[in-house]
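**Student:** all I have is the shape, not the residue letters:
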């Protein structure tokens with residue numbers, strides 16, 4: 001990930017380089033960062049935690065960083081087949097408040113990954129959101145950051 005994307009500002013480049021170094025020195029348990037040539041796009045792989053609905057399942061996150069990261073949150077979606085979860089849509093979009101309005105520049109890729117694993121691990125049922133078909137059709141090709149999310153269910 002040595003090359004910096006032309007779409008990133010200087011602050012974002014410096015911050016992402018710091019996060020890569022931190023990840024290499026102290027990676028979050030169970031997560032693998034797959035290097036690319038584009039600093040603005042990361043791929044992270046992980047397995048579902050044991051003793052959960054997702055044990056034995058393998059997942060991949062695609063993370064795209066905006067020009068003003070970390071002031072602006074990254075776009076985080078599941079690539080490939082996303083897990084069946086009441087807050088994860090079949091197009092990979094994730095309904096998780098820290099990715100949108102509750103984002104803080106103090107958060108990192110590691111903290112995002114741990115939050116997503118925690119969300120999966122605390123699931124009480126394995127199913128798509130009730131509005132999955134409607135949402136996927138309406139959001140086709142759009143960033144999940146353009147969605148006006150309603151965060152009201154923290155028990156899924």
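**Tutor:** Nice, thanks for sending it over. As the structure is a computational prediction, the values presented were derived from the model and not from experiment.

**Student:** tell me which element the residue most central in space within the chain is part of?
**Tutor:** By C-alpha atoms, centre = their mean, the chain has its centre lying nearest to residue 76, at 3.4 Å. Counting by DSSP states H and E, the element that carries residue 76 is strand 75-79.

**Student:** so what does that strand touch, helix or strand wise?
**Tutor:** Packed against strand 75-79, as judged by 3 or more C-beta pairs under 8 Å, 6 or more residues apart in numbering; DSSP states H and E, are the following elements: strand 58-64. (Glycine included, C-beta is placed from N, CA and C.)

**Student:** neighbouring strands - and their directions - for the strand it packs on?
**Tutor:** Paired neighbours of strand 58-64 in the sheet (DSSP bridges): strand 41-47 (antiparallel), strand 75-79 (antiparallel).

**Student:** could you dump those into a markdown table with distance to residue 120 added?
**Tutor:** Below are the strands paired with strand 58-64 laid out as a markdown table (distance: least, C-beta to C-beta, whole Å):
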| stretch | distance to residue 120 |
| --- | --- |
| strand 41-47 | 9 |
| strand 75-79 | 10 |
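
**Student:** turn those strands into JSON lines, columns for mean pLDDT and distance to residue 53.
**Tutor:** Listed next are the strands paired with strand 58-64 as JSON lines, based on pLDDT from 0 to 100; distance: least, C-beta to C-beta, whole Å:
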{"stretch": "strand 41-47", "mean pLDDT": "96", "distance to residue 53": "13"}
{"stretch": "strand 75-79", "mean pLDDT": "96", "distance to residue 53": "15"}
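
**Student:** wait, which of those strands is closest to residue 63?
**Tutor:** Across the strands paired with strand 58-64, residue 63 has its closest neighbour in strand 41-47 (4.3 Å, C-beta to C-beta).

**Student:** run the chain-centre distance for that closest one.
**Tutor:** Counting by C-alpha atoms, centre = their mean, to the nearest Å, strand 41-47 is centred 9 Å from the centre of its parent chain.

**Student:** do stretch 42-55 as well
**Tutor:** Averaged C-alpha coordinates place stretch 42-55 at 13 Å from its chain's average position (C-alpha atoms, centre = their mean).
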